[in-house]
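1. pasting the sequence and the predicted coordinates here, then a few questions.
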Amino acid sequence: DAEITQSPRHKITETGRQVTLACHQTWNHNNMFWYRQDLGHGLRLIHYSYGVQDTNKGEVSDGYSVSRSNTEDLPLTLESAASSQTSVYFCASSERTGVNGNEQFFGPGTRLTVL
Amino acid sequence: AQKVTQAQTEISVVEKEDVTLDCVYETRDTTYYLFWYKQPPSGELVFLIRRNSFDEQNEISGRYSWNFQKSTSSFNFTITASQVVDSAVYFCALKQGGSEKLVFGKGTKLTVNP
């Protein structure tokens, strides 16, 4: 069955370190997204990609970067982790929107703690 | 600009009660899509329903029903005869027709007590 996976599921790191969160989908979807979820804020979009070599900034992109070298993967990098980036991170993917406005499928999430 | 408001932060009910989760949206587009997602205590996000702006028919799926009213920009979600397993955070989301991005509300935490 097609799926979307994230690794690691839990990560503890120190302020100033570079951290990369992996996202892999086997749906063959063009679109991939990264969100962070914080209490009181719901889900906020960090970065997104509509295809290979395409990346775009979302609502809260400062301090984060992504790259898309193939269809399946969209790794999220925190260049220099800060305590404010302690959060739960979700990756999602979707087909390119047709007449039905396709839904996004979400990975299981990565809980990141920055000490 | 797009915006989704879920005014109810937390709701607590007793099992078998009916409960309605409110969702109000803002968009200038005539073509848009509305979604509901469920996030149970285990943490994953589960897609529940999608509705496009041209289809105002209400939908029922078992104990779940959705009421879409363009006149009030609302897409409310009702659970009939709630069960403990319905306890979760529920998110309403909006997507403009020309975009692939979702804008989420802040979520409503529903607790169903036995």
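-> Happy to help now that I have it.

2. contact residues of chain B facing chain A?
-> Within reach of chain A by C-beta under 8 Å from any C-beta of the partner chain, chain B has these residues: B:32-33, B:35, B:37, B:43-45, B:47, B:50, B:52, B:91, B:95, B:97, B:99-102, B:104-107. From N, CA and C alone the C-beta is placed, and that goes for glycine too.

3. would you list every one of the strands in chain A?
-> With strands called from DSSP state E, chain A shows them at A:4-7, A:10-13, A:19-25, A:31-38, A:42-51, A:54-57, A:64-66, A:76-78, A:87-94, A:105-106, A:110-114.

4. which stretch among those strands comes nearest B:Ser73?
-> strand A:42-51 (18.2 Å; C-beta to C-beta).

5. now for the residue nearest to the spatial centre of chain A: which residues touch it?
-> With distances taken as C-alpha atoms, centre = their mean, the residue of chain A nearest its centroid is A:Trp34 (2.6 Å). Contacts here follow C-beta atoms under 8 Å, 6 or more residues apart in numbering or on different chains; on that basis A:Trp34 touches A:21, A:23, A:45-48, A:58, A:64, A:66, A:74, A:76, A:89-92.

6. kindly identify which of those residues also come near chain B.
-> A:45, A:48, A:58, A:90, A:92.

7. so what's residue 46 up against?
-> Going with chain A. A:Ile46 neighbours (C-beta under 8 Å, 6+ apart): A:34-36, A:58-61, A:64, A:66, A:76, A:89.

8. try again with chain B
-> B:37-40.

9. mind running it again at 6 Å?
-> By C-beta atoms under 6 Å, 6 or more residues apart in numbering or on different chains, the residues touching B:Val46 are B:Lys38.

10. show the buried residues in the contacts of A:Ile46.
-> By neighbour count, with 16 or more other C-beta atoms under 10 Å in any protein chain shown, these hold A:34-36, A:58, A:60-61, A:64, A:66, A:76, A:89 as buried.

11. residue in chain B with the shortest distance to chain A?
-> With C-beta to the nearest C-beta as the measure, B:Tyr33 is the residue of chain B nearest to chain A, at 3.2 Å.

12. can you verify that residue is assigned to a helix?
-> No - counting by DSSP: H, G, I helix; E, B strand; the rest coil, B:Tyr33 falls outside a helix, being strand.

13. what residues are bridge-paired with it?
-> Counting by DSSP bridges, B:Tyr33 is bridged to B:Asn52, B:Lys95.

14. what comes up buried for the host helix or strand of B:Val112?
-> Taking DSSP states H and E as the criterion, B:Val112 maps to strand B:108-113. For strand B:108-113, the neighbour count (16+ other C-beta under 10 Å) marks B:108, B:110, B:112 as buried.

15. residue contacts, B:Lys38?
-> With the criterion set at C-beta under 6 Å, 6+ apart, B:Lys38 makes contact with B:46, B:48, B:88, B:90.

16. the helix or strand encompassing it versus strand B:108-113: what angle between them?
-> If you go by DSSP H and E, B:Lys38 is part of strand B:32-39. Calculated by axes from the mean of the first three to the mean of the last three C-alpha atoms, to 10 degrees, strand B:32-39 forms an angle of 40 degrees with strand B:108-113.
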